[in-house]
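A.B. asks: Sequence and predicted structure, then a few things I'm wondering about:
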Amino acid sequence: MPTTALTATAPAPVRDPSGAPAADTWTLSDQTVHLNHGSFGAVPTAVSELQSALVAEMNSIPGDWFSALPGRVGAARAHIAAFLGVPAEATALVPNASAGVSVVLNSLDLPAGSEILLTDHAYGAVHMAAERAVRRVGGRVRVVPVELAATADETTRAVVDAIDDRTALVIVDQITSATARLFPVADIATESRRRGVPVLVDAAHAPGMLERPLADNAADYWVGNLHKWGCAPRGTAALVASERVADSLHPLIDSWGAPEPYPVRFDTQGTIDLSSYLAAPRSLDLIEELFGWAAARQYMADLADYAETVIGGAFETHTGEPARVDVGMPVPAMRLLALPGGLATTPAEAHELRDRVAALGFQTAMTSWRGRGYLRLSAHVYNVAGEYDRFAEVAVPHIVALARET
C-alpha cells in the first residue's frame, strides 16, 4: 500500500531571522494557495519596492538614467554571473529563457537541410522557435523520445545516438517543464562536442534550485531564468556562452551597443525598462540573508517530498491507482504526479483543469505529456506543509470526481 499523508513527516516552516513566517517576505495574495512557483516565480516585497524605486528614478531624469544604464546593467550582470559561478565576460542578460534561445537560433548559420535535435520533453515555445529556424533553410526539427524513468546514461545515449551528419544543434532541458525531471546536460554536451555538434541547454528552472547549475558545463550555450527559484523580477534571465561561439551572439534588437563585444553589447537596449535586471541581484542576496540558500534548498526538497507523499497518497486512496511516478532523475523542488486517467490529455485540457482548480483556491501547474495528464508540484520557502494537506483534502476529491465524469 503506498505511503499516505498519515505517515509523512512535515518539515518545520521556514522563518526569517526575526521569527516571522517566510511568506511575509513576499507580496503573494492570501486569497489563494500558491503551489505553482515553477511557472511564474514570486517576487519578494523588498525587491518589488526596489524595482519601483528604480522605475521612479528612470522616470524622474530619463537622460541621466539611460546614460548610466549600461554600466549599471554590467554591474548587475557581474553579480548574477558570480551567483551562477561563471565569468561575467561569458554572461549576457536577456528577458527570459525563450529570448535566450531565440538569440542563439538567430546566430546560427544553418546549412540547407539542417536538423535541430530536441527531446519529447522540450518546452513548447522552444520547439516552435526551433521549427521556425530550420524552416528558413528547408530543414526540420527531429524529436528524440526519452522515457520518463530514463537514467542518466539512458538519457545521454538516447540523445547522442540520434546525432548524425545533418544535426546542426542539440537543444536539451536541464530541468524539464512538463515532466519535472533532470537531464544529464554535462554528459550530453561533452558527447555532442566530440561529434562536433553544439548544445544549447534550456535551464529555465535551474538558477536557484540547483546549487551549481553550470558545474562541469561543456555546452556552448546555456540560458536560465532568474525569476523562478531566484525570485528576481520577471524579465530577467542569464545567457552563458562559450568562447568559441560568444562573438556570434547579438541581442534580438540592435541598439547603440551593437559595436561592443559580447556580452557588453547586450547591456545597451535603447529605452527598454531594464529595472528588472538591476533589481535581480537583490533577490539573490535576500534569500541568502534571510534564509541561506543551502538551507532553503534543503527545505524545498523536504517539502516537495512531503507534498508528493501527501497528495500522491490522496490520489491513490481515492482511485486505487498509482499516482506517484518514477521520473528517473528527480529535481529538488518539483515533483510530478499522474492525474487520474482521462484528465489533461492535451495541453489545452491541462490549462482548462488548471483553471478549474484555481476556482477552488489553488494555483497549480497541470501538464500533458504523451497524452497523459500530470500535476506538477513546486515548493519554495514561502510554502508550508499545511498548504499541500489542504490541496489533498479539497482539490484531490474534486479532481477525481471530474475524472469519473469523463
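C.D. replies: Happy to help now that I have it. Numbering: from 1, shown residues only.
A.B. asks: Tell me the first helix or strand C-terminal of the helix ranked longest in the chain.
C.D. replies: Of all the elements of type helix in the chain, the one with the most residues (DSSP state H) is helix 293-319. Using DSSP states H and E, the helix or strand that directly follows helix 293-319 along the chain is strand 334-338.
A.B. asks: on contacts alone, who are the packing partners of that following strand?
C.D. replies: In terms of contact count using 3 or more Cβ pairs under 8 Å, 6 or more residues apart in numbering; DSSP states H and E, strand 334-338 is assigned the packing partners helix 293-319, strand 372-378. C-beta here means a position set from N, CA and C on the backbone, and glycine is covered the same way.
A.B. asks: sorry, back to before: centre of the chain versus the longest helix of the chain, how much separation?
C.D. replies: Computed by Cα atoms, centre = their mean, to the nearest Å, the separation of helix 293-319 from the middle of its chain amounts to 19 Å.
A.B. asks: just to revisit the earlier point, mind giving me CSV with the helices and strands packed on strand 334-338 and columns for mean neighbour count and mean pLDDT?
C.D. replies: Formatted as CSV, the entries for the helices and strands packed on strand 334-338 read as follows, by neighbours: other Cβ atoms under 10 Å; pLDDT from 0 to 100:
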stretch, mean neighbour count, mean pLDDT
helix 293-319, 21, 97
strand 372-378, 25, 97
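A.B. asks: Quick check: which of those is nearest to Gly124?
C.D. replies: strand 372-378 (14.3 Å; Cβ to Cβ).
A.B. asks: Just list what the closest one packs against, helices and strands only.
C.D. replies: Counting contacts by 3+ Cβ pairs under 8 Å, 6+ apart, strand 372-378 packs against helix 37-40, helix 293-319, strand 334-338, helix 347-358, strand 365-369.
A.B. asks: The helix or strand just after it - contacts with which helices or strands?
C.D. replies: The helix or strand immediately downstream of strand 372-378 is helix 385-405, counting by DSSP H and E. Secondary-structure packing of helix 385-405 (3+ Cβ pairs under 8 Å, 6+ apart): strand 33-34, helix 293-319, helix 347-358, strand 362-363.
A.B. asks: Please list all residues in contact with the residue nearest to Ala125 when sequence neighbours are not counted.
C.D. replies: Spatially, and ignoring its direct neighbours in sequence, Ala125 is nearest to Ser98 (4.8 Å; Cβ to Cβ, 6 or more residues apart in numbering). For Ser98, the residues meeting the contact criterion (Cβ atoms under 8 Å, 6 or more residues apart in numbering) are 123, 125-126, 129.
A.B. asks: try 7 Å
C.D. replies: Neighbouring residues of Ser98 by Cβ atoms under 7 Å, 6 or more residues apart in numbering: 125-126, 129.
A.B. asks: Look up the pLDDT of the residue most central in space within the chain for me, please.
C.D. replies: For the chain, the residue nearest the mean C-alpha position is His205 (2.1 Å; Cα atoms, centre = their mean). Per-residue pLDDT puts His205 at 98.
A.B. asks: shouldn't it be in contact with Gly230?
C.D. replies: No - in this structure, His205 is not within contact of Gly230 by Cβ atoms under 7 Å, at 10.3 Å.
A.B. asks: Just the closest of the contacts of Ser98 to Asp220, please.
C.D. replies: Ranking the contacts of Ser98 by separation from Asp220, with Cβ to Cβ as the measure, puts Val126 on top at 16.0 Å.
A.B. asks: The residue lying closest to Gln269 once chain neighbours are set aside: what's it in contact with?
C.D. replies: The shortest distance from Gln269 to any non-neighbouring residue, by Cβ to Cβ, 6+ apart, is to Ser255 (5.4 Å). The contact partners of Ser255, taken as Cβ under 7 Å, 6+ apart, are 268-270.
A.B. asks: Recalculate using a threshold of 10 Å.
C.D. replies: 70, 265-272 (Cβ atoms under 10 Å, 6 or more residues apart in numbering).
A.B. asks: Any of those buried? List them.
C.D. replies: Members of these that pass the buried threshold by neighbour count (16 or more other Cβ atoms under 10 Å) are listed as 70, 265-269.
A.B. asks: Pipe those into a markdown table and attach pLDDT per row.
C.D. replies: Output for those, formatted as a markdown table (pLDDT from 0 to 100):
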| residue | pLDDT |
| --- | --- |
| Pro70 | 97 |
| Arg265 | 98 |
| Phe266 | 98 |
| Asp267 | 98 |
| Thr268 | 96 |
| Gln269 | 93 |
